[in-house]
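Chemist: how would this look folded up:
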Amino acid sequence: MTLLDAPADPVVDTLARLDAALGEGRWTIAVSGGVDSMTLATLAHRRLATPPRMVHATSPAVPSEARRRVERHAGAEGWRLEVIDAGEFADADYRANPVNRCYFCKSRLYGSIDAVIRAAGGGLVASGTNRDDLGDFRPGLKAAAENGVRHPFVEAGIGKAEIRALARAHGLEFAALPAQPCLSSRVETGLAIQPADLAFIDALETELRTLAPTSAVRVRLRAAGVCVETDCAAALWPRLAARAATACDAARRIFLGVEAYRMGSAFLKDAR
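Modeler: Numbers count the residues shown, from 1 in each chain. The predicted model follows:
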């Protein structure tokens, strides 16, 4: 096989598509702390002639570890990071937790970021949304469209597996990070979003992840009580259940048990 016959490096091809989507614009990137937005922000910062501004919104709905991850990585990479409070808890529609709750959250977030950009003289806003997200129920994408937010990974045709490959190729420690959506996604649709409930969920998930650090772990708050969902090995379930039951007893909450992880199951009413 000659050099010309050799297969192209898929990471090089993915980077070329991402570079084309980013162009040479003045970007502000919304960084949640997950692998998608963190990878986008890192590569944009390293590769663009004009380094982007990063904006991280903090609130009771943001996992504490996500906030620490953003701040730690920003310091290591030398990002221009601005931490804001998007103020979603001031929105009664958000707190009521309808099925399209994310729309109200993202509307607040992108409105707040727009204020940051206007104060800095303009520019483009990017999210870490990727091609695979387009098949999910994501009301936040409507808010993004209404606020002119761009999705470079989508524009470049890049999905989750390619993002993780990019992160691994660039030595990013969060390449294998399990998905970590906002804590409000753990609350059953129709139950009011309460900061105290989110603090309980965050603390218990943080504790349970010490037992299953590479697995998805969700503490679901349902009308009937608290359930833990996970995709870890079944052999670990008794230990997770014991820890969760102790925490629920201390908080005077009903523990329902451990179940297999289902994406988006907080939208499902508990009919058992």
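Chemist: alpha carbons only for contacts and neighbour counts from here, please
Modeler: Will do.
Chemist: first vs last residue of stretch 24-44, how far apart are they?
Modeler: One end of stretch 24-44 sits 10 Å from the other (Cα to Cα, to the nearest Å).
Chemist: Contact partners for residue 179?
Modeler: For residue 179, the contact set (Cα atoms under 8 Å, 6 or more residues apart in numbering) comprises 34-35, 216.
Chemist: Repeat the analysis, applying 10 Å as the threshold.
Modeler: For residue 179, the contact set (Cα atoms under 10 Å, 6 or more residues apart in numbering) comprises 33-36, 215-217, 263.
Chemist: Of these, which belong to strands?
Modeler: With DSSP state E as the criterion, strands contain residue 217 from among the contacts of residue 179.
Chemist: Make CSV from the contacts of residue 179 and add pLDDT, distance to residue 256 and neighbour count to it.
Modeler: Converted to CSV, these look like this (pLDDT from 0 to 100; distance: Cα to Cα, whole Å; neighbours: other Cα atoms under 10 Å):
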residue, pLDDT, distance to residue 256, neighbour count
33, 96, 29, 26
34, 95, 28, 21
35, 97, 30, 24
36, 97, 32, 24
215, 91, 20, 17
216, 91, 18, 20
217, 95, 15, 25
263, 79, 18, 12
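Chemist: Which one of the contacts of residue 179 is nearest to residue 87?
Modeler: Residue 87 lies nearest to residue 33 out of the contacts of residue 179, by Cα to Cα, at 18.0 Å.
Chemist: got any ranges where this protein has weak pLDDT?
Modeler: Low-confidence segments of the chain (pLDDT under 70): 1-8, 264-272.
Chemist: where do the helices sit along it?
Modeler: For the chain, helices defined by DSSP state H occupy the ranges 10-22, 35-47, 64-77, 92-95, 101-119, 140-146, 152-155, 160-169, 195-208, 237-250.
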